[in-house]
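Novice: coords below, sequence missing:
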Ligand code: NAD
Ligand code: IPM
Ligand code: MN
């Protein structure tokens, strides 16, 4: 493309702080080659307080017209929990059919990790393909007799053959394109027998179309162990919406922290724009302090560029991040850089 038409949703808390740095780096890496046209959407807690609106149909249709979306984070302690998370973030993921929630993890040299590096045999570099439009996230539940001793509260996980197959197929294709060509299904089919067996049968079926990909399975609880004591074993992990949410926070924590973890909410069929965002939330505890690490947002910009077919600038961002992390690990002054200073340092490396 000669221009990128980008919707930007900063959102709440540290969201706008980190998207600002992401845009700074995007401008630096593209230089004069490609123009970026951004449209900011004021969505989140402030808008909800002012108007009672979360995401109107008109907002959604306007957002739909862009090439891609960059999102910071949503959620604020002053808004009832779930109003913005469901009404804004999940509504976008569902309406724009972001059925692949792509969450890569890479342990860069030098970054702080609770892992024992001496025990790590190989490179830690894996990607979680998290289903993005089904599972317990659809809101197919309900409660009766709320607030009484007889209350019943149900959250139903929806798993369709169509929805499982399309994300599993995407995960196999990604595994096929990677050197190790390995796919791990993560579920809990020893207990969740209905959904678990659908996922398992689907993986077995799709595997026949990808004979070069080796397949294994791990229960999600055991994955928590392996991520801590042998994360190098993983290549591509495919899992449902809720397991994927949980697995990827631990994946972030072992690979340098939540401030580095990027994600893409991808619509592989390109019937609507994909949306790129850090894995982390609005971090109200550090909002406004300049302590937020914008690297996750910056790496999300790299995923955005890759999705648009711009592999070269995407790789240059990843290299700049690697160099910056290296510098930060070696130098105490660099380690205490603010949000904007990290963005400036990355932009300087790229321009
Ligand atoms: P969180 O990710 O916002 O924060 C968890 C911890 O990580 C906090 O200690 C925070 O200070 C730290 N942290 C997060 N991002 C960081 C960064 N870039 N640099 C340094 N430290 C960082 O999760 P939470 O506290 O569970 O949720 C806070 C709010 O965010 C809630 O309203 C939640 O619903 C929402 N949330 C939104 C998203 C999203 O928009 N995608 C994701 C997760 C949580
Ligand atoms: C994430 C967040 C969201 C999720 C919430 C805020 C809806 O935790 O992006 O990981 O659960 O998907
Ligand atoms: Mn999460």
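Specialist: Yep, it's here. Since we're looking at a predicted model, the values are computed, not measured. Ligands and ions are numbered 1, 2, ... in the order given.

Novice: and the residue of the stretch 201-350 of the chain found nearest ligand 2, how many neighbours does it have?
Specialist: Nearest residue of the stretch 201-350 of the chain to ligand 2, counting by Cβ to the nearest ligand atom: residue 245, 4.3 Å away. From N, CA and C alone the C-beta is placed, and that goes for glycine too. Burial of residue 245 is recorded as 18 neighbouring residues (other Cβ atoms under 10 Å).

Novice: List the contacts of it.
Specialist: Each residue near residue 245 by Cβ atoms under 8 Å, 6 or more residues apart in numbering is listed here: residue 130.

Novice: same deal with residue 204?
Specialist: So residue 204 contacts nothing (Cβ under 8 Å, 6+ apart).

Novice: Dihedrals phi and psi, the residue in the stretch 251-351 of the chain positioned nearest to ligand 1?
Specialist: Closest to ligand 1 within the stretch 251-351 of the chain is residue 281: 2.3 Å, counting by Cβ to the nearest ligand atom. Main-chain dihedrals, residue 281, degrees, to the nearest 10: phi -100, psi -160.

Novice: wouldn't it be in contact with residue 11 here?
Specialist: No. Residue 281 is not in contact with residue 11 according to Cβ atoms under 8 Å; the separation is 9.4 Å.

Novice: and the residue of the stretch 201-350 of the chain closest to ligand 2, helix, strand or coil?
Specialist: Assigned by DSSP: H, G, I helix; E, B strand; the rest coil, the conformation of residue 245 is helix.

Novice: Quick check: pLDDT value at it.
Specialist: At residue 245, the model reports a pLDDT of 98.

Novice: Looking at the stretch 51-200 of the chain, which residue is nearest ligand 1?
Specialist: residue 75 (2.2 Å).

Novice: Can you get me a residue count around the closest residue to that residue other than its chain neighbours?
Specialist: Using Cβ to Cβ, 6 or more residues apart in numbering and skipping residues adjacent in sequence, the residue nearest residue 75 is residue 282, 4.8 Å away. Residue 282 is flanked by 26 other residues according to other Cβ under 10 Å.

Novice: and residue 277, that one's in a helix?
Specialist: No. Counting by three-state DSSP, residue 277 falls outside a helix, being strand.

Novice: What ranges does the stretch 251-351 of the chain have for its strands?
Specialist: Under the criterion DSSP state E, counting those that start in this stretch, the stretch 251-351 of the chain contains strands at 262-266, 274-278.

Novice: How about the residues of the stretch 251-351 of the chain by ligand 1?
Specialist: Contact residues, the stretch 251-351 of the chain versus ligand 1 (Cβ under 6 Å from any ligand atom): 258-259, 277, 280-286, 292-293, 296.

Novice: JSON lines for the residues you listed, including pLDDT and distance to ligand 2?
Specialist: Below are these laid out as JSON lines (pLDDT from 0 to 100; distance: Cβ to the nearest ligand atom, whole Å):
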{"residue": "258", "pLDDT": "96", "distance to ligand 2": "10"}
{"residue": "259", "pLDDT": "97", "distance to ligand 2": "14"}
{"residue": "277", "pLDDT": "98", "distance to ligand 2": "7"}
{"residue": "280", "pLDDT": "98", "distance to ligand 2": "8"}
{"residue": "281", "pLDDT": "98", "distance to ligand 2": "6"}
{"residue": "282", "pLDDT": "98", "distance to ligand 2": "9"}
{"residue": "283", "pLDDT": "98", "distance to ligand 2": "12"}
{"residue": "284", "pLDDT": "98", "distance to ligand 2": "13"}
{"residue": "285", "pLDDT": "98", "distance to ligand 2": "16"}
{"residue": "286", "pLDDT": "98", "distance to ligand 2": "17"}
{"residue": "292", "pLDDT": "98", "distance to ligand 2": "16"}
{"residue": "293", "pLDDT": "97", "distance to ligand 2": "16"}
{"residue": "296", "pLDDT": "98", "distance to ligand 2": "11"}
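
Novice: Got a PyMOL select line for the buried ones in those?
Specialist: Selection command for PyMOL covering only the buried members of these, criterion 16 or more other Cβ atoms under 10 Å:
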select buried, resi 258+259+277+280+281+282+283+284+286+292+293+296
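
Novice: out of the residues of the stretch 251-351 of the chain next to ligand 1, what pair is the most spread apart?
Specialist: Greatest spacing in these, by Cβ to Cβ: 277 and 285 (19.0 Å).

Novice: where does the stretch 51-200 of the chain dip in pLDDT?
Specialist: Within the stretch 51-200 of the chain, no range satisfies pLDDT under 70.

Novice: Get me the contact residues on it for ligand 2.
Specialist: Residues of the stretch 51-200 of the chain lying close to ligand 2 by Cβ under 6 Å from any ligand atom are 75, 85, 89-90.

Novice: and the spatially most central residue of the chain, what pLDDT?
Specialist: The residue lying closest to the centre of the chain (Cα atoms, centre = their mean) is residue 263, at 2.6 Å. Turning to residue 263, the model gives it a pLDDT of 98.

Novice: what about residue 50, distance to residue 42?
Specialist: Look at residue 50 and residue 42: by Cβ to Cβ, to the nearest Å, they are 9 Å apart.

Novice: Residue 141: neighbouring residues, count only.
Specialist: When neighbours are counted by other Cβ under 10 Å, residue 141 registers 12.
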